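Enquirer: model the following, please.
(one chain, ligands or ions: 1)
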Amino acid sequence: MRKLFYSLVLIFFQLIAFGQKFTLEAVKSYAFPTELIRSTQGDKIAWAMDEKGIRNIYVAEAPNFTARKLTSFKEDDGQELSSISISDDGKWVLFVRGGDHGANFDDEKAVNPAGNTEPQTVRVMQIAFTGGPIRVISEGDFPVISPDNKVVAYIKEGQPWICKLDTNENEDFLEAPVRLLKTRGSVHSLTWAPGGKKLAFVANRGDHSFIGYLEMGKNAVNWIDPAFAKDFSPNWSPDGSQLGFIRTPAEGGSADSLTQRKRIPWSIRKAGLVAGEKSTLVWEAPNTYRGSIPTTHGGTNLHWARQDRLVFTSYHDGWPHAYSVAPTGGAALLLSPGEFMVEHLSVSADGNSIYFDANTGGEDTDKDRRHICQVSVDKADMKVLTPGKGIEWTAVSVAGGYAYIGAGAQKAPQLMLSTSSTARSLTESLIPVEFPTSALVEPKQVIFKSLDGLTIHGQIFDNSNGAQKKPAIIFVHGGPPRQMLLGWHYSDYYSNAYALNQYLANQGFVVLSVNYRLGIGYGYDFHNPKSAGQWGASEYLDIKAAGEWLAQQSYVDPKKIALYGGSYGGYLTALALARDSKLFVAGVDIHGVHDWAHQREIPMELLSGPHKAPDADWATSLSYRSSPISSIDTWKSPVLFIHADDDRNVPFSQSIDLINRLQKKKVPMETMVIVDDTHHWMKFSNAIKVFQATADYLKAQLTK
Ligand SMILES: CSCC[C@H](NC=O)C(=O)N[C@@H](C)C(=O)O
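Expert: Below is the predicted model:
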């Protein structure tokens, strides 16, 4: 009977799978976990889940860690969830709802893609870990709960505020929030000292920044060794007696070359709390290009993990690696030796080890994956915890093991828990039945040479046996410091792209996702190439090489190669159509950069006048020639432009300007405007609209 039952169940699900239509909605229907955090003790975890645009917080707790939906938001209204934290006593969960925290500017401003007559603001919210009503504490962002569980500090209008979390026994009402401080500049990086009586912060004053701390109940700021510098990343020592921080030079002095690479020296320092005390050097990065402050995820990732060890990330050996150093100084211990990058890093609850994800492991293809690793803070005993053909990221230590987000080529991103070396999914039940897991192709790693000989990695999506010639589409990621992987991606923006690439492959196209230079995962020199971006667009060589490589493949019709990309990928799509319309027969440019002069990358004062950079004229010329607008005379191929007009990464005007220029040239084009959404398609239905239009346009152009 049992066998009969299971075979009937199997037939049922096979019928579903067979009957499933592989639509864009279906392949985009996965529930996407982000913002995974643990309680201080590691007995509780919380995360955000985006289910077709409906974002909620989920929690789980030891010993079973059964996932439980904590909030009950019901609309696809574009309001992201961020800054999730759990009070040390496990009673409260704090979070922020709203904004677009991946933006380059106005990231704390409300977003309103739903077109509400009254936009929702960016607000700090509170809910009991056990569930219940949500208390909206205030408009604000970046909340941090005090270790004594009494108050939450947060930022509002660039200043620190504080609010009680709970009523005391002899009070009836919660007190209103109060501003802790009014100081010049804008405050960020609020950090409670152990014990909850002191709060450190960074006061950003433009060309310099200071670290200060407030003692609760006192009304004067204590500044930590103020210098002509940019000080940031305050980290309390576990005993609360000292502050560790990062120092880089303040901005100013004679203008450097605009087009040449720059060294940005940095050091780790520490200071006691005696008024006027000078800080002392803990560790200084080598004054080399690779020794410049790291720009990969989390930057220096400074943590005072244990009283006797600080951990941090540095790029100085050519790869972003984890290091540790004694607070008394001395040599830094390399914790993750090897030719790979350490990306997302967290400290274990006991402070004795760190977890991180890295593109390393036993497989040849690991360079294009991420796996969870663990290493002691004082010994280079690194272990790869999740080897294999999956993709895993953002691990946190929990009671009896660790939690992380795991995915594969087909397996949609899920919250995973590994205890006693067995891993299980906490969110598999949230994957809708229409999600076409078994119909997804396994992208294949391809490696080819660029036009100047540089080695380039890519992923080929192809659901055929290669017997016939098919039209091909190149996907160009944005960033540009990004790396596409051999499976679902840790960024929602690139999991969107992965879903679209799977859909295009299912529609019968060969899709090549190309990891061009300027990207991460392949070392410092690949990430910081010469003459790239607005200073020569050398990365375009890799896009053209990808097109020419595809054209030589037996399974590709060389007359039917198109491309698409978003943001920086939109920029390179436009550059390809402008410069090589013979190779690229069509394209979709999603919120791309088209005129570097209007991307607000270089202060105007460096281009002329007394502060003019030594190579300003050369830079201006190079920047123009690296912009698609300079090559529109040779732009012949049809293009679809898509842009949202509340874009806070690439101004909407970048598309207006190029569209107007191309219309004068009568270049065949279609356009799509998304009102009041941002660079990150905060509203799910807008993402579906954009990706369906992209797929339909490419299909129309490649099958006519
Ligand atoms: C330097 S041009 C801006 C491109 C943009 N980068 C940051 O805003 C971009 O590509 N954004 C997304 C797609 C990304 O960061 O990956």
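Enquirer: and whichever residue of the stretch 401-550 of the chain sits closest to the ligand, what does it touch?
Expert: The ligand sits closest to residue 478 of the stretch 401-550 of the chain, with a gap of 2.7 Å, by C-beta to the nearest ligand atom. From N, CA and C alone the C-beta is placed, and that goes for glycine too. Contacts for residue 478 (C-beta atoms under 8 Å, 6 or more residues apart in numbering) come out as 493, 565, 566, 567, 568, 569, 570.
Enquirer: for it, which non-adjacent residue is closest in space?
Expert: Excluding its sequence neighbours, the residue lying closest to residue 478 (C-beta to C-beta, 6 or more residues apart in numbering) is residue 567, at 3.3 Å.
Enquirer: likewise residue 237?
Expert: residue 304 (5.3 Å).
Enquirer: circling back to that earlier point, ok, the residue nearest to residue 478 - how many residues close by?
Expert: 25 (other C-beta atoms under 10 Å).
Enquirer: hmm, it is touching residue 592, no?
Expert: Yes: the pair residue 567 and residue 592 qualifies as a contact (C-beta atoms under 8 Å) at a distance of 6.6 Å.
Enquirer: overlap of the contact sets of the two?
Expert: With C-beta under 8 Å, 6+ apart, residue 567 and residue 592 have common neighbours residue 650.
Enquirer: rewinding a little: quick one: contacts for the residue nearest to residue 237?
Expert: 235, 236, 237, 238, 244, 310, 327.
Enquirer: need phi/psi at the last one.
Expert: As for residue 327, its main-chain torsions (degrees, to the nearest 10) stand at phi -60, psi -20.
Enquirer: check the first one too.
Expert: Backbone dihedrals for residue 235, given as degrees, to the nearest 10, come out at phi -130, psi 120.
Enquirer: and the stretch 551-700 of the chain, which residues reach the ligand?
Expert: Proximity of the stretch 551-700 of the chain to the ligand, by C-beta under 6 Å from any ligand atom, involves residues 566, 567, 568, 593, 599, 649, 650.
Enquirer: flag every residue of the stretch 101-250 of the chain that's near the ligand.
Expert: Counting by C-beta under 6 Å from any ligand atom, the stretch 101-250 of the chain sits next to the ligand at residue 104.
Enquirer: try it again with 8 Å
Expert: 102, 103, 104 (C-beta under 8 Å from any ligand atom).
Enquirer: let's have those residues in a markdown table, adding neighbour count.
Expert: Formatted as a markdown table, those follow (neighbours: other C-beta atoms under 10 Å):
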| residue | neighbour count |
| --- | --- |
| 102 | 17 |
| 103 | 18 |
| 104 | 15 |
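Enquirer: go ahead and confirm residue 243 touches residue 223.
Expert: No: with contact defined as C-beta under 8 Å, residue 243 does not count as touching residue 223 (11.1 Å).
Enquirer: taking the residues of the stretch 551-700 of the chain next to the ligand together, which two end up most distant?
Expert: 566 and 599 (14.9 Å; C-beta to C-beta).
Enquirer: tell me which of the two has more neighbours.
Expert: Each of residue 566 and residue 599 has its neighbours counted (other C-beta under 10 Å); residue 566 has more, 31 against 19.
Enquirer: thought residue 247 was touching residue 267?
Expert: Yes: applying C-beta under 8 Å as the test, residue 247 and residue 267 come out as touching, 5.2 Å apart.
Enquirer: comparing the two, which residue is more hemmed in?
Expert: Between residue 247 and residue 267, counting by other C-beta under 10 Å, residue 247 is the more crowded of the two (22 against 17).
Enquirer: what about the more buried one, distance to residue 224?
Expert: Residue 247 sits 11 Å away from residue 224, going by C-beta to C-beta, to the nearest Å.
Enquirer: anything in contact with each of these two?
Expert: Shared contacts of residue 247 and residue 224 (C-beta under 8 Å, 6+ apart): 231, 279.
Enquirer: quick one, helices of this structure?
Expert: Taking DSSP state H as the criterion, the chain carries its helices at 2-19, 24-27, 492-506, 524-527, 540-551, 568-579, 616-625, 653-664, 684-702.
Enquirer: with respect to burial, which of those scores highest?
Expert: helix 568-579 (a mean of 28; mean count of other C-beta atoms under 10 Å).
Enquirer: that one vs helix 653-664, what angle?
Expert: Angle between the axes of helix 568-579 and helix 653-664 is 20 degrees (criterion: axes from the mean of the first three to the mean of the last three C-alpha atoms, to 10 degrees).
Enquirer: and helix 568-579, what does it pack against?
Expert: strand 470-476, helix 540-551, strand 556-566, strand 586-590 (3 or more C-beta pairs under 8 Å, 6 or more residues apart in numbering; DSSP states H and E).
Enquirer: since that was my last question, I'll sign off now.
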